[in-house]
Structure formats: structure tokens, C-alpha cells
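Trainee: Got a sequence here, can you build the structure:
(one chain, ligands or ions: 1)
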Amino acid sequence: MSDRSGHFAGDDPFAIARSWLAEAEGAEPNDPNAIALATVDADGLPNVRMVLLKEVEADAFVFYTNYESRKAQEIAQSGKAAFVMHWKSLRRQVRVRGLVEKEDGPLADAYYESRSLKSRLGAWASHQSQPLSSRAALMAEVARVTARHGTNPPRPPFWGGFRIRPLEIEFWADGAFRLHDRFRWYRSDLAQDWIIDRLNP
Ligand SMILES: Cc1cc2nc3c(=O)[nH]c(=O)nc-3n(C[C@H](O)[C@H](O)[C@H](O)COP(=O)(O)O)c2cc1C
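Mentor: Numbering: from 1, shown residues only. I've put the predicted structure just below:
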């Protein structure tokens, strides 16, 4: 198909995503793996927020969060999510839409263990997305969970990963005179082979 080369070379979109992320790590001042994650509520009203992309697997993207958060509730209800990564330094973006499942096993344990103690305790202390009366109340909760779990907290049962299995992945690179390059990988279900198209900018 077509004249794909340079940044877009190769047929495996996960390999391209990994390679663009590696470039962004050398170019972005902060959080090259930040993604804007979109979900919809029960009325179809979209919601978007940043999270950190932690794994690009052979066929999926993984991030971590609180399973009682708003995003997790919306994912539980729809089973779907989308995200975009944009690197201002590279003038490139990657868009992903797909089906979501929990990553609640050894991979989530290993990632939780890799975090600093304060972050691990923070995951216990934060009732993410719930109203909070004050900063002091949060710090009191941190003190409470620290007293309870000490220096080796287990992964909270309400905290773990989500794996997004894409139905669509689009790579976009800035071009002269707004004539950008766009390539889309699409499959109607996860068992199908990818169809690759070049898209108008
Ligand atoms: C750069 C950046 C990275 C973030 N990474 C995460 C993350 O990996 N996981 C997470 O739960 N929240 C992360 N957050 C906070 C989320 O944007 C959001 O405030 C939180 O998850 C609650 O969202 P919700 O109420 O829609 O569930 C990040 C925020 C920023 C700005």
C-alpha cells in the first residue's frame, strides 16, 4: 500500500508507537508518555483527562488508575475509550480508539511495586474523583494509611491497570503548508487484520 516511509515505515502500528515514544523521550521536557484519555458517560457526554501510558504491548496500550474513579466507572459502563498523544516538540500525534479491559494481575502488581513508597501510599489515600473537604483531610488520610500499611503496602484492590485494545490507530505528522501526513490502521474487530489507509490532512 501507498508510499509509507520515514516516520511511518513498517506495518506494525505498535512498533511505530514505541518508536515515536522513544523519540519523544529525547525531545519532550516532561511526561512524553502523557495521553489525553477520553471516555463517555451514560448519556454519551465525553470526558477527557491526562494519564500516563505505561506499556505499549504487542497488541495493546496500558495505563494505571483508581478503579473507583470517574474514568473507571465510565469504562466499566461502556467498555470503550480513546486517547491522543501529542508531542509539541516533534509536531506529531497518535490517536487510538478501542475496547478496554482491566489489567488487575501480576503486571499491575509489578508496576505498583516499582513506584515510590509515597506514590504507593498515595494510591491508598486518594478516593480519586470523590469530593474532598480539604487538603488537610487528604494528608490525614495519608497518615492513616501509612500507619496501617507501613513501608510495604500491598496494591490496593481498587487500583490497577486498564488495557486498551485498539480498533483504530492513527499517526499524524506535521507537514509543510498544513499538508500533514496521516495514516490510519483500522480493524472492525480485534480478530481482523489491519487495513491501512492514508488520510487527507
Ligand atoms: C500529566 C498528567 C498525568 C497524569 N497521569 C495519571 C495517571 O497515570 N493515572 C491517573 O489516575 N491519573 C493521572 N492524572 C490525573 C488525571 O488527569 C485525573 O485528574 C484523575 O485521574 C481523575 O480523573 P477522573 O475523575 O476523570 O477519573 C494525570 C494528570 C496529568 C496532568
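Trainee: how about the host helix or strand of A81 against the ligand, any contact?
Mentor: With the criterion set as DSSP states H and E, the secondary-structure element containing A81 is strand 80-87. No. In terms of CB under 6 Å from any ligand atom, no part of strand 80-87 sits within range of the ligand; the closest distance is 11.2 Å. (Glycine included, C-beta is placed from N, CA and C.)
Trainee: At the geometric centre of this protein, which residue sits there?
Mentor: With distances taken as CA atoms, centre = their mean, L53 lies nearest the centre of the chain, 4.0 Å away.
Trainee: For the strand ranked longest in the chain, name the packing helices and strands.
Mentor: Taking DSSP state E as the criterion, the chain has its longest strand at strand 159-173. Using 3 or more CB pairs under 8 Å, 6 or more residues apart in numbering; DSSP states H and E as the contact criterion, the neighbours of strand 159-173 among helices and strands are helix 13-27, strand 61-66, strand 80-87, strand 92-103, helix 106-114, strand 181-186.
Trainee: Looking at strand pairing, list the partners for M50.
Mentor: When bridges are assigned using DSSP bridges, the partners listed for M50 are A36.
Trainee: Average pLDDT for stretch 104-114, rounded please.
Mentor: On average, the pLDDT along stretch 104-114 is 97.
Trainee: how about the CA coordinates for that stretch, as PDB?
Mentor: As requested, the backbone C-alpha atoms of stretch 104-114 are provided in PDB (Å, rounded to 0.1, in the frame of the first residue of the first chain):
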ATOM      1  CA  ASP A 104      -5.500  -6.400  37.500                       C
ATOM      2  CA  GLY A 105      -2.900  -9.100  37.800                       C
ATOM      3  CA  PRO A 106       0.900  -9.600  38.100                       C
ATOM      4  CA  LEU A 107       1.700  -6.800  35.700                       C
ATOM      5  CA  ALA A 108      -0.300  -4.300  37.800                       C
ATOM      6  CA  ASP A 109       1.400  -5.700  41.000                       C
ATOM      7  CA  ALA A 110       4.800  -5.200  39.400                       C
ATOM      8  CA  TYR A 111       4.100  -1.600  38.300                       C
ATOM      9  CA  TYR A 112       2.700  -0.800  41.700                       C
ATOM     10  CA  GLU A 113       5.800  -2.200  43.300                       C
ATOM     11  CA  SER A 114       8.000  -0.100  41.000                       C
END
